[in-house]
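J.: Quick one: sequence and predicted model below, then my questions.
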Amino acid sequence: MTPLSLTVREPDDFHLHLRDGRSLEAVVPFSAARFARALIMPNLRPPVCTTEQAREYRARILAAVPAGTHFNPLMSLYLTDRTPPDEVDRAHASGFVLGFKLYPAGATTHSDAGVTEISRVYAVLERMQEAGLTLQVHGEVTDPDVDIFDREARFIEVVLAPLAERFTGLRIVFEHITTRSAVEFVLGARPGIAATVTPQHLLMNRNALFAGGIRPHHYCLPVLKSETNREALCDAVRAGSSRLFLGTDSAPHARAAKESACGCAGIFSAHGALELYAEAFEAIGALERLEGFAAEHGADFYGLPRNTGRVRLVKAPWTVPAAYPFGDDELIPLRAEERIGWRLERLE
Ligand code: DOR
Ligand code: ZN
């Protein structure tokens, strides 16, 4: 019997961490093999704050793309309390910067240079609104007294909803949403607001953090949530809203940094990202929604042309390696030594 297969428009990953140097070289080929374009996150050390830094970083990414593969890295600049409003004009003129990433200071990996108080960036947001650049938001409050499972919902209440009302023309992507509250906010919001959804938040709930023992490779931020919240995300992508699109948040960390007494947040999924989404969409009976989510809604939101190539997914399970090389260290991929139900073939 021929295996089930699915041909879709070449997809884009609108939320990707590639790091730099030898780590960058180790992970770029995985994304370039699957996605035509990706929006690259700026949380390097030091962060990518200016258009000039993004231009240089982008050149390093392009240099790591394997010969014969086309991959267009699009950039997000790291917003700080001190970002000058005229950086927006330079970003806009560049043609490769899609927006600015708002990390509330202290919310996640390499976010210490982030925004300490949202009113400090109002002038920049004003200019972004005029220029049509997008604000990519890590939507969690940082107050350590707020329960970690409630930080996204609280962020909507105290930061995001008021912001969306204050800047009624600002384009906003609520990144890596994880809760029913976020789904309801995005689906009910004014035009110009959308969200990315990761494979891990569609496929796993918080039990996966403790399955058989503590599982550092399932730890990311926002942290995995309850089954009810996972189901809300699944229901929303199954319904096919054009406000929801693919952003893996693939976030590689060296094995030693993950398997530690204080392990880093981040799940590496780039080695099987589209295949994992196919699995998630199949599980909810919505394979026909994969193409819109992976290849159309994001491009349309950002005003980019849809890709014209095609990729084919075949329902043929494969076993993920135990680790991949990562500079002097190694990288433990999502599903290490376990199977992913779909395999990718590129058509052109
Ligand atoms: O799990 C995460 N890892 N969440 C983030 O917000 C950042 C990312 C990283 O850069 O490692
Ligand atoms: Zn991220």
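T.: Arrived safely. Ligands and ions are numbered 1, 2, ... in the order given.

J.: Sketch out the low-pLDDT regions of this structure for me.
T.: By pLDDT under 70, the weakly predicted segments of the chain are 1, 348.

J.: near ligand 1, which residues of it?
T.: If contacts are counted using Cβ under 6 Å from any ligand atom, the residues of the chain sitting beside ligand 1 are His17, Asn43, Thr108, Thr109, His138, Cys220, Leu221, Ala251, Ala265, Gly266. The way it works is simple: take the backbone N, C-alpha and C, and place the C-beta from them, glycine included.

J.: Could you give me the PyMOL syntax to select whichever of those residues are buried?
T.: Command for PyMOL, covering only those of those found buried under the criterion 16 or more other Cβ atoms under 10 Å:
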select buried, resi 17+43+108+109+138+220+221+251+265+266
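
J.: Nearest to Arg120, out of the residues of the chain next to ligand 1: which one, please.
T.: His138 (16.2 Å; Cβ to Cβ).

J.: For the stretch 1-150 of the chain, which segments count as strands?
T.: With DSSP state E, counting those that start in this stretch, the ranges of strands along the stretch 1-150 of the chain come out as 5-9, 12-16, 37-40, 72-78, 97-102, 134-137.

J.: Partner strands of the longest one, with direction?
T.: Read that as strand 72-78. Each strand that pairs with strand 72-78, with its direction, by DSSP bridges: strand 37-40 (parallel), strand 97-102 (parallel).

J.: Dump the ones you listed into a markdown table; add mean neighbour count as well.
T.: Supplementary listing: these in a markdown table, determined by neighbours: other Cβ atoms under 10 Å:
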| stretch | mean neighbour count |
| --- | --- |
| strand 37-40 | 26 |
| strand 97-102 | 26 |
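
J.: now those in CSV, with distance to Arg82?
T.: Compiled in CSV, the strands paired with strand 72-78 are given as follows (distance: least, Cβ to Cβ, whole Å):
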stretch, distance to Arg82
strand 37-40, 22
strand 97-102, 13
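
J.: Of all those strands, which one is nearest Asp12?
T.: Per Cβ to Cβ, nearest to Asp12 of these: strand 37-40, 4.5 Å.

J.: so how far is that closest one off the chain centroid?
T.: Using Cα atoms, centre = their mean, to the nearest Å, the mean C-alpha position of strand 37-40 is found 9 Å from that of the whole chain.

J.: May I have that strand as PDB, with CA atoms only?
T.: This file holds the C-alpha atoms of strand 37-40, laid out as PDB (Å, rounded to 0.1, in the frame of the first residue of the first chain):
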ATOM      1  CA  ARG A  37      12.000  31.800   4.800                       C
ATOM      2  CA  ALA A  38      12.200  32.200   8.600                       C
ATOM      3  CA  LEU A  39      11.900  35.100  11.000                       C
ATOM      4  CA  ILE A  40      15.100  35.000  13.000                       C
END
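
J.: Show me the contact partners of that strand.
T.: Strand 37-40 is touched from outside by 12-18, 31, 57-58, 61, 71-76, 98, 136, 247, 304, 307, with contacts defined as Cβ atoms under 8 Å, 6 or more residues apart in numbering.

J.: just stretch 325-332 next, same as before
T.: Contacts to stretch 325-332, defined as Cβ under 8 Å, 6+ apart, come from residues 21-23, 26-27, 217, 252-256, 258-259, 268, 322-324.

J.: Now that Met204 has come up, it's in contact with Arg230, right?
T.: Yes - when contacts are counted by Cβ atoms under 8 Å, Met204 is listed as touching Arg230 (7.3 Å).
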